[in-house]
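**Student:** Quick one: sequence plus predicted model below, questions after.
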Amino acid sequence: MLFWILAALLTLAAALAVMRPFASRKATSTDEKSHDIEVYRDQLDELSRDVERGLIGKDEAEQARAEIGRRILKATDASQDTAKSDAGGQAARFTAAAAILAVPLISWGLYAVTGSPGMPAQPLQARLEQDPSNASIEELVARAEAHLADNPQDVRGWQVLAPVYMRLGRFADAQTALRAILRLSGDAPEVQAALGEAIAAASQGIVTADAEAAFEAALKADPANPKARFFLALGRAQEGKMDEARQGWQALQEAQPEGSPWREAAAQALASADGNARGASGGASSAPGPTQEDVAAASQLSGGDRQAMIEGMVSRLDEKLRDNPDDPEGWRRLVQSYMVLKKPDEAREALDRGVAALGADTEAGRALAALARDLGLPGE
Amino acid sequence: MSIELGHFALVLAFALALVQMCVPIIGGQLKNETLMRVGEPTAMAGFALISLSFAALLSAYVLSDFSVLNVWENSHSAKPLLYKITGTWGNHEGSMLLWVLILAFFGALVALFGRNLPLTLRANVLGVQGAIGSAFLLFILMTSNPFTRLDPAPMQGRDLNPILQDVGLAVHPPLLYLGYVGFSVSFSFAIAALIEGRIDAAWARWVRPWTLAAWMFLTGGIAMGSYWAYYELGWGGFWFWDPVENASLLPWLGGTALLHSALVMEKRSALKIWTVLLAILTFSLSLLGTFLVRSGVLTSVHAFATDPARGVFILGILMLFIGGSLALFAWRAGSLTAGGLFQPISREGALVLNNLILTTATATVLIGTLYPLLIEALLGEKISVGPPFFNLTFGPLMLPLLAIVPFGPLLAWKRGDLWAASQRLFFAFGAALLVAMLAYVVIDPSSVLGAAGIGLGAWLVLGAATDIVLKSGFGKATGAVAWRRLIGLPRSVFGTALAHAGLGLTMIGIAAVSTQQEERIVALQPGETVEIHGFVLRFESLRPFTGPNYTEDQAHFVLNRVTGKPLGAVVSAKRLYQARQMPTTEAGIRTLGLSQLYVSLGDRTPNGALVVRVWWKPFVTLIWLGALVMMAGGAVSLLDRRLRVGAPMPRAKPGKAKVAGEGARG
């Protein structure tokens, strides 16, 4: 409301500025030629000053004076119509009315198109001081950042911020936060492992030398740290040392209790490593497993996101099998995946399609049906 | 709310600019005094509104209001306050707003101080100013609105281009715009004269101070930009013949020509039509610069805007104003009364020669700047017209001009005596020759060209001094008399001398640096030294440093003379701005007298040594000091009494008009 009042006042002031000459109808007009004569007179003064100073010779001064004198005469002779305050009649009145109307019409009309009148100004400081309960995640992060800029020794703040940065994909900031935690509260295996993960995530999932160093530091303090072990194995795999990688994942899978996310991640990584190996030796038709980047990305995602990502991969596999059904290993994984995702109906449908595609009498078809029974999916 | 109010004020200013464009000019045609008077209050109100608008944007930057798209794109909450402020115009939208703010400022000045102008002239000038203002305000509102909002607002901005995070941004653009936009006043005067079909005697007196002021600011803006590029880009050049630099040099050359031709017009009522044309061309070149920089035609630090829609819009404005004004000129120039004829050997003859050379030089630079763009547009070929072209064309044009500069002020109006002027300059010529010989023998016997350049610069400085000495009569009159006459000399005489001497100083700096600079490129381990021009630079250490929004590696050096005399520390750095992950170099510069030692860092070598470039730049500061002296000359000239013509009082008796005029001056 205040905005509209101020806008109206501004408009009024602008319209008044346009109207001012109409309000003061004082006859202030001077003859146009008197301006010229004033200039020439000034030139004469200047000339006599120059003569006083000796800047100009006597003869030259006389000539110049004569020249200026001629100009003055010419200006005096020139007949000129002087402007009047009411000349122009109808046209002038129309112009005046149009001008005064134009100010509010154009400004309010154009502002209606370009402006956002309802939107308040949002200076950063004021936003940071607002009630935090209805703030967005970015706002909370900015608030924490502002707090940490003033109190960089606050470990608690960094601890809160680090996982949020990871979630938001701000991996460089996450590294800064994790390093601050390490600096302030000493070495801790989980923090080292998280730092390694952040470094790897910043370089698109590649376990770089820096990341490896962080994971190794984590293992030094806690040899059982599952995150560090998983990523170190992934690093081996990225270097092409598949045997070492498989060993690492195998050991991790065995060490973790049933239902632990790292056990699943290791199992998946193993399956994908096997798939890749078979694909490499057994020809092109084999469905590719999740790439290393997929795994790395999956391990950073929250539960819901990870679920979505896995479902995405499964439906990709499903698509592929529709186009290229002669792939026993593919069908096996598809059925298995649907069961893991707790979608028995899809699993059953996949089983039926797989058996039909491979042939119920073939060895592959029978193996698929056997697998389904093992998974608790009764055949028909 | 403050932001929306700023936005509304801008829209309102556009409406007022339209009124300011139409009403006074219509009034001028109808001879209606009231309508003609509408120009002044609207110009002042328009300036107030645009100021309000600019203040709103400025406060959005200072308070980091990221609900404004422009602030989010170009600011960051961790940026130091100075760069939050300067960041307001460190981008396309904000700089356009500054542009119209300055335009409105000049319009308000004309309205405020124009009481002694004939009414019709004043109305038409303000009308043309209103036309320029409304075109650019429309451009801002339609294609580059700085008040576009973001909802929801992000919590952090994307930061300002690190190269622009420098004090230079506080000085260079405002000065440059004061120059560019200042020429709009001369342009408006020229168009007003064409609309009316006559040139008042006050015309030249009025055009000259505006041109002078614009020229002064433009000189400062160009020099500041050149110094900024010199210390920020890290390779120690002061002029690159980059199209963007040329875009600022073009109106400067045109404006310099205009300054001199306006002088002839004022004193001798000659060259009227030519002066009108120059005023049009100079502002057209300013507009062309704006177009080149913002249309995305060029890529450089300055090319903020690469949106083709903007380019087309500016091209439209450009064609409207340049094409329209030239068409008006072709149509109406015949109705202007041509001035008298004059002798070739005279002050006005010398000024015409100056104009001929300057306009040819302008055309040369214009061709060199536009030719590659045209070739690329027409044939799709990329060619580059670089320093060799300009050195071969612009240089030979300017050298004779510089050589004849000292003669100009010594020639009398109407009928000059070249021989007498030469005789008077004999001493200055001899001394300049001596300087050149000294430069050849003492500084560097290998470079004849450098010595000649330094001699030429000295010739300009000494010639300017000679003018002052002769005009005050030292040698002829007694010391006391001469001294009194020196103090009583018109300020414009000092202005001329200072401007010409400043040109000479710049010339000396350019000649010395171009021919006698020394360079060393070495890889240094801590503790190692490099020797250059009698100095020893020792690399001490490389230390990390954290600034407010950047981190840098600072290389610390210790500078000594070969004799062992210590000269203190030099610090040079490589900086990384986090928000944009962009590196910059921060040169270490040590000023010794008028010369500078310039240290810039390269990369690390595999064995841990640091690549260091060291330049010895003799007399380099003269390049910019000369520009400052030129500016001082402009300022002194502006204070000259004759530029403050008194206003005739309405219905005053002739005898009293003078007194009234004196009053109006105060």
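**Tutor:** Arrived safely, thanks for sending.

**Student:** quick one, what contacts the nearest residue to A:Tyr40 once chain neighbours are set aside?
**Tutor:** Spatial nearest neighbour of A:Tyr40, excluding adjacent residues (CB to CB, 6 or more residues apart in numbering or on different chains): A:Ile72 at 4.8 Å. C-beta: built from backbone N, CA, C; applies to glycine. The contact partners of A:Ile72, taken as CB atoms under 8 Å, 6 or more residues apart in numbering or on different chains, are A:37, A:40-41.

**Student:** Which of those sits closest to chain B?
**Tutor:** A:Tyr40 (6.2 Å; CB to the nearest CB).

**Student:** Now do A:Gln125 against A:Val141, distance only.
**Tutor:** As judged by CB to CB, to the nearest Å, A:Gln125 and A:Val141 stand 16 Å apart.

**Student:** Comparing those two, which shows the higher neighbour count?
**Tutor:** Legend: neighbour count by other CB atoms under 10 Å in any protein chain shown for A:Gln125 and A:Val141, higher for A:Val141 (20 against 11).

**Student:** That one: what's its closest spatial neighbour, skipping adjacent residues?
**Tutor:** Nearest one to A:Val141, counting by CB to CB, 6+ apart, is A:Val164 at 6.0 Å.

**Student:** what sits against that neighbour?
**Tutor:** When contacts are counted by CB under 8 Å, 6+ apart, A:Val164 touches A:137, A:140-141.

**Student:** How much space separates it from chain B?
**Tutor:** Using CB to the nearest CB, to the nearest Å, A:Val164 is found at 13 Å from chain B.

**Student:** give me the element that residue is part of.
**Tutor:** With secondary structure defined by DSSP states H and E, A:Val164 is part of helix A:155-168.

**Student:** Contacts only, for the residue nearest to B:Ala223 when sequence neighbours are not counted.
**Tutor:** Distances taken as CB to CB, 6+ apart put B:Ala627 closest to B:Ala223, at 3.3 Å, once the chain neighbours are dropped. With contact set as CB under 8 Å, 6+ apart, B:Ala627 has these partners: B:219-220, B:222-223, B:502, B:506.

**Student:** Looking at the residues you listed, spot the one nearest chain A.
**Tutor:** B:Gly502 (22.7 Å).

**Student:** I'd assumed B:Leu622 was in contact with the closest one.
**Tutor:** No: using CB atoms under 8 Å, B:Gly502 makes no contact with B:Leu622, being 9.7 Å away.

**Student:** Number of residues surrounding residue 50?
**Tutor:** This is for chain A. Neighbours around A:Asp50, by other CB under 10 Å: 16.

**Student:** my bad, the chain I had in mind was chain B
**Tutor:** Residues near B:Ile50, counting by other CB under 10 Å, number 30.

**Student:** So for B:Gly661, what's the pLDDT?
**Tutor:** With respect to pLDDT, B:Gly661 scores 35.

**Student:** which one is B:Glu518 nearest to, not counting chain neighbours?
**Tutor:** B:Trp616 (4.1 Å).

**Student:** measure the one you found to chain A for me?
**Tutor:** From B:Trp616 to chain A the distance is 41 Å (CB to the nearest CB).

**Student:** For the strand or helix carrying that residue, output the C-alpha coordinates as PDB.
**Tutor:** Remark: B:Trp616 resides in strand B:610-617, with elements defined by DSSP H and E. Extracted in PDB, the C-alpha atoms of strand B:610-617 (Å, rounded to 0.1, in the frame of the first residue of the first chain):
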ATOM      1  CA  LEU B 610      58.800 -19.600 -10.200                       C
ATOM      2  CA  VAL B 611      58.700 -18.000 -13.600                       C
ATOM      3  CA  VAL B 612      59.000 -14.300 -13.100                       C
ATOM      4  CA  ARG B 613      58.800 -11.500 -15.700                       C
ATOM      5  CA  VAL B 614      60.500  -8.300 -14.800                       C
ATOM      6  CA  TRP B 615      60.200  -5.100 -16.900                       C
ATOM      7  CA  TRP B 616      62.000  -1.900 -16.500                       C
ATOM      8  CA  LYS B 617      59.700   0.800 -17.900                       C
END
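
**Student:** which helices and strands does it pack with?
**Tutor:** strand B:518-524, strand B:529-532, strand B:535-546, strand B:595-604 (3 or more CB pairs under 8 Å, 6 or more residues apart in numbering or on different chains; DSSP states H and E).

**Student:** Now do the next helix or strand after it and strand B:610-617, the angle between them.
**Tutor:** Remark: after strand B:610-617, the chain's next helix or strand is helix B:621-638, criterion DSSP H and E. Here helix B:621-638 runs at an angle of 50 degrees relative to strand B:610-617 (axes from the mean of the first three to the mean of the last three CA atoms, to 10 degrees).

**Student:** pLDDT averaged over helix B:621-638 - what is it?
**Tutor:** Throughout helix B:621-638, pLDDT has a mean value of 94.

**Student:** Extract the CA atoms of that helix and return them as CSV.
**Tutor:** Only the C-alpha atoms of helix B:621-638 are listed here, as CSV (Å, rounded to 0.1, in the frame of the first residue of the first chain):
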residue,chain,number,x,y,z
THR,B,621,54.2,7.2,-15.6
LEU,B,622,54.5,10.3,-17.9
ILE,B,623,52.0,8.7,-20.2
TRP,B,624,49.3,9.1,-17.6
LEU,B,625,50.7,12.1,-15.8
GLY,B,626,50.6,13.8,-19.2
ALA,B,627,46.9,13.0,-19.4
LEU,B,628,46.4,14.4,-15.9
VAL,B,629,48.1,17.6,-17.0
MET,B,630,45.8,17.7,-20.1
MET,B,631,42.8,17.4,-17.8
ALA,B,632,44.2,20.2,-15.6
GLY,B,633,44.4,22.3,-18.8
GLY,B,634,40.8,21.6,-19.6
ALA,B,635,39.8,22.5,-16.0
VAL,B,636,41.7,25.8,-16.0
SER,B,637,40.2,26.7,-19.4
LEU,B,638,36.7,26.0,-18.1
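
**Student:** Helices of the stretch 151-300 of chain A, start to end?
**Tutor:** Along the stretch 151-300 of chain A, counting by DSSP state H, counting those that start in this stretch, helices occupy A:155-168, A:171-185, A:189-202, A:209-221, A:226-239, A:242-255, A:261-282, A:292-300.

**Student:** any chance of the ones you listed in a markdown table, with mean pLDDT too?
**Tutor:** As requested, the helices of the stretch 151-300 of chain A are exported to a markdown table (pLDDT from 0 to 100):
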| stretch | mean pLDDT |
| --- | --- |
| helix A:155-168 | 85 |
| helix A:171-185 | 85 |
| helix A:189-202 | 88 |
| helix A:209-221 | 87 |
| helix A:226-239 | 86 |
| helix A:242-255 | 85 |
| helix A:261-282 | 71 |
| helix A:292-300 | 56 |
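
**Student:** Return the most buried member of the helices and strands packed on strand B:610-617.
**Tutor:** With neighbours taken as mean count of other CB atoms under 10 Å in any protein chain shown, these reach their highest mean count in strand B:595-604, at a mean of 20.

**Student:** Note down every partner strand of that strand and its orientation.
**Tutor:** strand B:588-592 (antiparallel), strand B:610-617 (antiparallel) (DSSP bridges).
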